[in-house]
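> starting from these lines, generate the structure:
(chains A and B)
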Amino acid sequence: MTEASVSSARGAPAAKIVLDIADVSKKFGGVTAVENVAMTVPEGRILSVIGPNGAGKTSLLNMISGFYKPDTGSIRLRGDDITSKRPSEIAALGIARTFQNIALFSGLTVLDNLMLGRHVHMKSGVLASALYWGWARKEEIAHRQRCEEIIEFLKLQDLRKQQTAALAYGLRKRVELGRALALEPKILLLDEPMGGMNQEEKEDMARFILDVNQERGVTVVLIEHDMGVVMDISDQVVVLDRGRRIGGGTPDEVQRDPRVIQAYLGTSKGAAAA
Amino acid sequence: MFHRESGVFKTSYGADMALYPLPVARWTVVVLLAIFAIVLPLFVHSYYLSILNLIFIAIVGALGLNILVGYTGQISIGHGAFMSVGAYTAANLAVKLDLPFWLTLPAGGLMAALIGVIVGMPSLRIKGLYLAIATLAGQLIIEWTFNRVPAISGGAQASIEVPRPSLFGVALNTQGELYFFLLFFAVLAIVATLNLMRSRIGRAFVAVRDQDIAAEIIGINIYRYKLMAFAISSFYAGVCGVLYTYYFGIANYEQFQLVVSIDYLAMIIIGGLGSVLGTILGAIFVTLLPIAIRLLVESVGVYFFDAGELSSVAASLRLIIFGGLIIFFLVVEPEGLNRLWRNIRNYFRVWPFSY
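Numbering: from 1, shown residues only, chains lettered A, B, ... in the order given. You can find the predicted model right below:
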């Protein structure tokens, strides 16, 4: 069920496939979380994965980022098989992600959280760090500079020295996005970045995601329940239900797909626009 | 270090990331160093210097343990044993090969780091209480080995006498001479830890402690960093053991038994987990406590106990007060002396306009 070519909602020409997920399955005991799901992510686009609770969206993301090893199938990043790599190796290859239930380092400041995002780009070892002299110091300052750019981009200037545990929910989500961006990823996996947010925060977050995509050229894979946002900002939508892929295409196509409407958006066509 | 931040404007990231960004704090450190390096050794009696010497050694070991427990969130009840590994390594090298301390010291540290990594291996699979038991097993196995294998631990009573360390051909014999020797290593350990914890490696340790899943996702191989924490931590412990050996002039496994591991855990719990200043305060506190108790018992105890019983009373009182204090800190101030100090400092930071 792979798409041979992908046309963008914005009418751009077919993009290169950056992430190719081929028929992956994952079982937990007797429960099949993901069953033969195939999906291709075009470079530089925003692809959303939608589906009711328990559809296997997060499991799919966990397989991409290496937490779960698929029972069958393969995941390729620009043609290279990453199916059996460790999460930290996959991160170093340029896939960053955020979590549904925020996973920040609560004992550290916003700035240190972002600096940790730079970890794979830094080299200092134990001795250099312990001396904090010359090169190691220069490296720290250079990467601080990059983090400050992200702080400015996400408007976190007044919070940089605050511990993340003390931040409001919406801000923590934003810091987590910042940490993922600090990695300078090619692909950004966002697991419900707007869950639990109010309308204003959602609009801010949608704006950040669009900016990341358009200004930095980062490919985005988005899991989100807010259909308004999904249909507005996505180039592509993939629909999962009970571990299987039941549809996909541009937002318009998905909203017209009778299978999708029945399985997910409801039975009447009116609900699809909601 | 009561300081006012207003009026200090940093114009570069380098200045903002300095260890002591405020001039006041920098001067405080300079003054403290001057007191410890010049004033104290000149004017203080050698008995008090000997207490300071013990504190310096304890600081090195406690810093190591805090890197593992406080910063990386792993636990070890085997640090006493890691110290003994460093001690016997250095003692054997010093006696059999006649090596100077500047070779035996890193050698002892490295050997302890190696053993520490092996004992720390279970941390890759288990956490918390289970890891505590695994490292406890390490402690007991190492103790047993030193007790029963004379090839390593030198036969009679498993102890090896070592010559005093010498610098430029001069043996460091008196407390005053050892004072500079130990002060140097304590300062070195403090600076190294401060730097380590504010840079790439230290941040990764804290990441492993706070959220190991998120640490993986930003590219930190948590297995690697857990073992690295064990290695660095045991290196400090090994160096601490070597310092004890040179200080007492003898390496003996009885100096590094299980109770020593517990003492060091007490230092970092009372001082404050994940804090360098707390570690120093904890090391001072735990080193001074038995001395204070002994003085107390000697002066007041004669009214309650027979003179012959006093020493055993002091010993048991030490354990009672020790246990009570650990419970007190865990319940009342889990962040330890460091937190108390911060509260005081923050109060005065805005005083008298504290609103």
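
> can we go C-alpha only for contacts and neighbour counts from here?
Noted.

> who's in contact with residue 131?
With no chain named, the answer covers chain A. B:192, B:195-196 (C-alpha atoms under 8 Å, 6 or more residues apart in numbering or on different chains).

> oops, wrong one, chain B.
B:74-76, B:122-123.

> could you rerun that using 7 Å?
B:75, B:122-123 (C-alpha atoms under 7 Å, 6 or more residues apart in numbering or on different chains).

> columns distance to A:Ala142, neighbour count and secondary structure on top of these, output as TSV?
Shown next, in TSV, are those (distance: C-alpha to C-alpha, whole Å; neighbours: other C-alpha atoms under 10 Å in any protein chain shown; DSSP: H, G, I helix; E, B strand; the rest coil):
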residue	distance to A:Ala142	neighbour count	secondary structure
B:Ile75	34	25	coil
B:Pro122	37	16	helix
B:Ser123	34	22	helix
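
> so the closest residue to chain A within chain B: helix, strand or coil?
Here the residue of chain B nearest chain A is B:Gly219; by C-alpha to the nearest C-alpha that distance is 3.8 Å. The three-state assignment at B:Gly219 reads coil, by DSSP: H, G, I helix; E, B strand; the rest coil.

> what about the nearest residue to it once chain neighbours are set aside, which helix or strand?
Once flanking residues are discounted, B:Gly219 sits nearest to A:Ser88: 3.8 Å by C-alpha to C-alpha, 6 or more residues apart in numbering or on different chains. Taking DSSP states H and E as the criterion, A:Ser88 maps to helix A:87-92.

> what's in contact with that helix?
Residues contacting helix A:87-92 (C-alpha under 7 Å, 6+ apart): A:65-67, A:120, B:216-221.

> check stretch A:101-117 too.
A:144, A:147, A:159-165, A:173, A:175-176, A:178-180, A:182-183, B:203-204, B:207, B:210-211, B:214, B:218.

> got a list of what B:Lys59 touches?
For the record, residue B:59 is Ile, not Lys. By C-alpha under 7 Å, 6+ apart, the neighbours of B:Ile59 are B:186, B:279-280, B:283.

> nope, B:Val69 is what I meant
B:Ile75.

> which residues of the stretch 101-250 of chain B lie near chain A?
B:192-193, B:195-196, B:199-201, B:203-204, B:207, B:210-211, B:214, B:216-221 (C-alpha under 7 Å from any C-alpha of the partner chain).

> give me the nearest residue to the residue nearest in space to the middle of chain B, chain neighbours excluded.
When C-alpha atoms, centre = their mean is applied to chain B, the residue found nearest the centroid is B:Ala62 (1.8 Å). Spatial nearest neighbour of B:Ala62, excluding adjacent residues (C-alpha to C-alpha, 6+ apart): B:Tyr264 at 5.8 Å.

> now do A:Pro70
A:Lys26 (5.2 Å).

> partner residues bridging that neighbour?
Note on A:Lys26: beta-bridge partners A:Val34, judged by DSSP bridges.

> go ahead and confirm it touches A:Gly56.
No - taking contacts as C-alpha atoms under 7 Å, A:Lys26 lies outside contact range of A:Gly56: 9.3 Å.

> and for those two, which residues touch both?
Contacts common to A:Lys26 and A:Gly56, judged by C-alpha under 7 Å, 6+ apart, are A:33-34.

> element containing B:Ile270, please.
Counting by DSSP H and E, B:Ile270 is found in helix B:258-271.

> which other helices and strands contact that helix?
helix B:46-66, helix B:79-96, helix B:276-300, helix B:310-332, helix B:336-350 (3 or more C-alpha pairs under 7 Å, 6 or more residues apart in numbering or on different chains; DSSP states H and E).

> count the residues that sit near residue 231.
I'll assume chain A. Residues lying near A:Met231 (other C-alpha atoms under 10 Å in any protein chain shown) number 19.

> my bad, chain B
Residues near B:Ala231, counting by other C-alpha under 10 Å: 26.

> residues near the residue lying closest to it once chain neighbours are set aside, how many?
Among residues not flanking B:Ala231 along the chain, B:Ala113 sits closest, at 4.3 Å (C-alpha to C-alpha, 6+ apart). Neighbour count for B:Ala113, taken as other C-alpha under 10 Å: 29.

> need the three-state assignment for B:Ala113.
Quick answer, by three-state DSSP: B:Ala113 is helix.

> same question for A:Ile75.
With three-state DSSP as the criterion, A:Ile75 reads strand.
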